[in-house]
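Visitor: Model the following, please.
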Amino acid sequence: MIAGLTDRFRSHPVATTLELGSVITCVFLFIGTFVLLASGLPRGVGTPWLVIVTVGAAFVVFWTALVPLYERAAE
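Guide: Predicted coordinates:
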């Protein structure tokens with residue numbers, strides 16, 4: 001598995017980095033959401049929830065808008 005990831009990184013370094021970063025981002029969003037839900041209802045300012053929502057929104061915009069624009073420009 002590691003050897004396959006290494007080979008893939010050598011042949012497509014940017015794409016592999018983006019995909020690995022996406023997996024890490026999703027894992028941290030899941031863990032962050034789970035921890036916040038386990039801590040109960042938000043009280044006060046709610047900054048941790050704002051961070052989760054902002055990171056999630058940026059992640060979605062990146063993959064649905066910026067990556068397709070980059071692929072079209074690269075053609």
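Visitor: can we go C-alpha only for contacts and neighbour counts from here?
Guide: Noted.
Visitor: quick one, helices of this protein?
Guide: For the chain, the helices defined by DSSP state H occupy 2-11, 13-38, 47-61, 67-74.
Visitor: any chance of these in a markdown table, with mean neighbour count and mean pLDDT too?
Guide: Converted to a markdown table, the helices of the chain look like this (neighbours: other Cα atoms under 10 Å; pLDDT from 0 to 100):
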| stretch | mean neighbour count | mean pLDDT |
| --- | --- | --- |
| helix 2-11 | 11 | 76 |
| helix 13-38 | 13 | 90 |
| helix 47-61 | 13 | 92 |
| helix 67-74 | 10 | 78 |
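Visitor: Next, the residue located most distally from the centre of the chain: phi, psi?
Guide: What lies farthest from the middle of the chain is Gly44; by Cα atoms, centre = their mean that is 26.9 Å. Recorded main-chain torsions at Gly44 are phi 80, psi -130, according to degrees, to the nearest 10.
Visitor: Kindly state the pLDDT recorded for it?
Guide: On pLDDT, Gly44 comes in at 79.
Visitor: so how far is Phe34 from it?
Guide: As judged by Cα to Cα, to the nearest Å, Gly44 and Phe34 stand 19 Å apart.
Visitor: Glu71 now?
Guide: Distance from Glu71 to Phe34, counting by Cα to Cα: 34 Å.
Visitor: what does Val51 give?
Guide: In terms of Cα to Cα, Val51 sits 14 Å off from Phe34.
Visitor: Look up how far Thr6 lies from Val53.
Guide: Val53 is 32 Å from Thr6, by Cα to Cα.
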